[in-house]
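**Q** build me a model from this:
(2 chains)
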Amino acid sequence: MNMDSIVSLCKRRGFLFQSSEIYGGLQGFWDYGPLGVELKRNVKEAWWSDMVNGHDDMSTLAGAPSPYAMEGLDCTIIMHPQVWKCSGHYDLFHDHMVDCRETKKRYRYDQINGRWVEAKGRKIFVTAPAGEDEQEHFTKQTLKFFKLRNKHIDDLKWDGPVVCLTDLDNFEEVLGPDAKSLGSLTEPREFNLMFKTFVGALSGEEGAAFLRPETAQGIFVNFKNVLDSTRHRLPLGIAQIGKSFRNEITPRNFTFRSREFEQMEIEFFCHPDQSQDWYRYWRDRRLKWYHDLGISSDNLIMREHHQNELAHYSVGTADIEYAFPFMSDGEYGELEGVSHRGDFDLRSHMEGKLDEKSNDLALQLNADGKPKWKGSGKDLSYRDDLTNEKYVPHVIEPSAGADRAALAFLCEAYTEDEQPDEKGKMQTRTVMKLHPRLAPIKAAIFPLVKKDGMPEVAKDVYLDLKKHFKVFYDEKGAVGRRYRRQDEAGTPYCITVDGQTLEDQTVTIRDRDSLEQTRIKIDECESVIRDRIRQ
RNA sequence: GCGGGUGUAGCUCAAUGGCAGAGCUCCAGCCUUCCAAGCUGGUGGUGAGGGUUCGAUUCCCUUCACCCGCUCCA
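**A** Model prediction:
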């Protein structure tokens, strides 16, 4: 199986198109076609129904420490700019970077220091990543550049103090931190991974705002509102589905890394002492969700992050990853991250941006000792009115990509098998074996031939089923061809009106995967399809 | 962002410095009682912009997009 045939089918059948295709497309943006939009809606609907509306808050679910509540939320894409300053996204996403053309390395513009140095009658600006041993690095780089030995160290004429690269106007005489030749650094470029826009008529910085790079922050800043309006006790999960935007440097691999994408996120708030158990619960629960919707365990893995990969406040993070066809053997692409975020997010919005590198997650301060980004000052802690205990809840975050899930389901469904044609000759059949819950069209209704009153009966069946499901009517051409078309669309069931229908009010229902046909009464169509979808 | 490759019909692929072609698909009609049958007819195309030229899909430049590798992936 290769990605090209999947991409080709998606275009041909109307699952996915390139955005603005008639103008040549736009990198990192994709449109869902008529079948694609149904698939994606079904993915989101399955998630919302399984996680939120269908959640059983009365029972202790398997693997869970206790019953818990779930609520939904739908926040705006543009939020107060301070949200992103306190969350850390602003600083992280706002860097100016320089690239080294020679070594292909990339550096933060404001974290490269350097000094003018002269030797052999030539003056260059030697650089190093800012840090304690930068002078050592300068010396080493300079000696190497001028092809001098350690004993000539005193011949180097240093000119002026160490300054930041940001103080230089041009880089022609600059030796990159790891380069061998001069002028290999590019001009600084703003790597603003957040899309910037302007609120109101002002186009200056005071009106600047950002499209959200994740939906999570909307949940954190509304935590208190949800608690107060629903009167829930912890543990409580708050769910949201919505668009997020990241100005990815290298969108690649079809819809896998897009600049506009949709997330399905839960922020699960609980007592710190129980957070480890909840973390394990959500990790296992979310993995099972993909399994239950048809992703085989061969293609799905749970990858626990190593200690050194974790943000230091995080107790654990596990990625649920899928073996996409565009990845090389043994490699997987992330579908969902389940992370234990401690109280980092709520505290950030209370106190201000926290310093992730500090051991006790202290407030990040400016040079003048003031908070770098001030928080809301609002108390986001929780008082348990049974125990009278007050604490800042810990958070477990299962964060899934709706587009990535849809893509994984498409890849998993794509199958080519051999089926006999009417002469008994084996032909390749392309079939999308989507789970019936996810299939864009639940059933197609055909008259076996376009005469003898069959179309009239079939249309009645169609119109009746249309009230309950997304169904499709087709009477054109040979019935075999119509079956094959539905196979490519992933339609799980085809209902055919034939000669016998006119005598006893029965139709055949054909199963996409097994090709088996069973005869059922017209009246039973709705309940049979409903039962089969639910399985 | 760097290097390499590719852009011709919905798909797969031809051809050419001088009217752009085939198969499949699709549409209409005929035929047809269960898995892409057959017959007849039909729709439809050189990614975008510029240059060279009497004439460019073809040669050159720019750009956009996609693919592969590197880089990146909060």
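**Q** now the residue in the stretch 101-250 of chain A positioned nearest to RNA strand B: how far from residue A:532?
**A** In the stretch 101-250 of chain A, the residue found nearest to RNA strand B is residue A:246; the distance is 3.3 Å by Cβ to the nearest atom of the strand. Backbone N, C-alpha and C define where each C-beta goes, glycine included. Here the criterion is Cβ to Cβ, to the nearest Å. By it, residue A:246 lies 39 Å from residue A:532.
**Q** again, but for residue A:78
**A** Distance of residue A:78 to residue A:532, computed by Cβ to Cβ: 43 Å.
**Q** where along chain A do the helices fall?
**A** With helices called from DSSP state H, chain A shows them at A:3-13, A:34-48, A:81-87, A:89-93, A:134-145, A:216-221, A:223-230, A:275-292, A:344-351, A:402-413, A:454-466, A:479-489, A:499-504, A:525-534.
**Q** hmm, the first one touching RNA strand B?
**A** Think helix A:3-13. Yes: judged by Cβ under 7 Å from any atom of the strand, helix A:3-13 comes into contact with RNA strand B at A:3, A:4, A:7, A:8, A:11, A:12.
**Q** so what does that helix touch, helix or strand wise?
**A** In terms of contacts (3 or more Cβ pairs under 8 Å, 6 or more residues apart in numbering; DSSP states H and E), helix A:3-13 is packed against strand A:16-18, helix A:402-413, strand A:414-420, strand A:426-432, helix A:479-489.
**Q** tell me the most buried of these?
**A** Using mean count of other Cβ atoms under 10 Å, the stretch among those with the largest mean neighbour count is helix A:402-413, at a mean of 24.
**Q** least trustworthy helix or strand in chain A by mean pLDDT?
**A** None of the helices or strands of chain A scores lower by mean pLDDT, DSSP states H and E than strand A:189-190, at a mean of 64.
**Q** so which of the helices and strands packed on helix A:3-13 gets nearest RNA strand B?
**A** Closest approach to RNA strand B among these is made by helix A:479-489 (2.4 Å; Cβ to the nearest atom of the strand).
**Q** right, is that closest one up against RNA strand B?
**A** Yes: contact between helix A:479-489 and RNA strand B is present through A:479, A:480, A:481, A:483, A:484, A:485, A:487, A:488 (criterion: Cβ under 7 Å from any atom of the strand).
**Q** now that helix - C-alpha only, CSV.
**A** Output of helix A:479-489 as CSV, limited to C-alpha atoms (Å, rounded to 0.1, in the frame of the first residue of the first chain):
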residue,chain,number,x,y,z
VAL,A,479,-25.3,-3.3,-10.4
GLY,A,480,-21.8,-4.7,-10.1
ARG,A,481,-20.3,-1.3,-11.1
ARG,A,482,-22.5,0.4,-8.5
TYR,A,483,-21.3,-2.0,-5.8
ARG,A,484,-17.7,-1.2,-6.7
ARG,A,485,-18.3,2.5,-6.5
GLN,A,486,-19.7,2.2,-3.0
ASP,A,487,-16.7,0.0,-2.0
GLU,A,488,-14.4,2.9,-2.8
ALA,A,489,-16.6,5.3,-0.9
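**Q** for residue A:259, which non-adjacent residue is closest in space?
**A** Spatial nearest neighbour of residue A:259, chain neighbours left out: residue A:28 (3.6 Å); criterion: Cβ to Cβ, 6 or more residues apart in numbering.
**Q** thinking again about what came up before, of the residues of helix A:3-13 next to RNA strand B, just the buried ones, ChimeraX syntax please.
**A** Only the buried members of the residues of helix A:3-13 next to RNA strand B enter the following ChimeraX selection, criterion being 16 or more other Cβ atoms under 10 Å:
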select /A:3,7
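**Q** low-scoring stretches of chain A, by residue?
**A** Scanning chain A for pLDDT under 70 picks out A:1, A:93-96, A:101-106, A:189-192, A:201-204, A:308-309, A:311-313, A:357, A:359, A:421-425.
**Q** so for it, the centremost residue is which one?
**A** residue A:401 (3.1 Å; Cα atoms, centre = their mean).
**Q** identify the residues contacting that one.
**A** Residue A:401 makes contact with A:261, A:262, A:263, A:264, A:334, A:335, A:336 under the criterion Cβ atoms under 8 Å, 6 or more residues apart in numbering.
**Q** do residue A:245 as well
**A** Counting by Cβ under 8 Å, 6+ apart, residue A:245 touches A:77, A:194, A:195, A:211, A:212, A:213, A:259, A:260, A:261.
**Q** at 6 Å what do you get?
**A** Neighbouring residues of residue A:245 by Cβ atoms under 6 Å, 6 or more residues apart in numbering: A:195, A:211, A:260.
**Q** how many other residues sit next to residue A:150?
**A** 8 (other Cβ atoms under 10 Å).
**Q** how many residues are close by the closest residue in space to it that isn't next to it in sequence?
**A** Closest residue in space to residue A:150, ignoring its immediate chain neighbours: residue A:143 at 6.9 Å, by Cβ to Cβ, 6+ apart. Using other Cβ under 10 Å, residue A:143 is surrounded by 19 other residues.
**Q** do I have it right that residue A:434 meets residue A:413?
**A** Yes: counting by Cβ atoms under 6 Å, residue A:413 is a contact partner of residue A:434 at 4.4 Å.
**Q** re earlier: okay, residue A:246 and residue A:532: which has more neighbours?
**A** Taking other Cβ under 10 Å, residue A:246 and residue A:532 do not tie; residue A:246 has more neighbours (21 against 15).
**Q** wouldn't that one be in contact with residue A:193 here?
**A** Yes: look at residue A:246 against residue A:193 with Cβ under 6 Å: they come within range, at 5.4 Å.
**Q** okay, and the common contacts of the two?
**A** Residues touching both residue A:246 and residue A:193 by Cβ under 6 Å, 6+ apart: none at all.
**Q** quick one: the closest residue to residue A:66 other than its chain neighbours and RNA strand B, what's the gap?
**A** Nearest non-adjacent residue to residue A:66, counting by Cβ to Cβ, 6+ apart: residue A:60, 5.9 Å away. Separation of residue A:60 from RNA strand B (Cβ to the nearest atom of the strand, to the nearest Å): 33 Å.
**Q** tell me the phi and psi of residue A:195?
**A** Torsion angles at residue A:195 (phi, psi; degrees, to the nearest 10) stand at phi -70, psi 130.
**Q** contacting residues for it?
**A** A:211, A:245, A:247.
**Q** identify the residues contacting the last one.
**A** Listed by Cβ under 6 Å, 6+ apart, the contact set of residue A:247 reads A:193, A:195.
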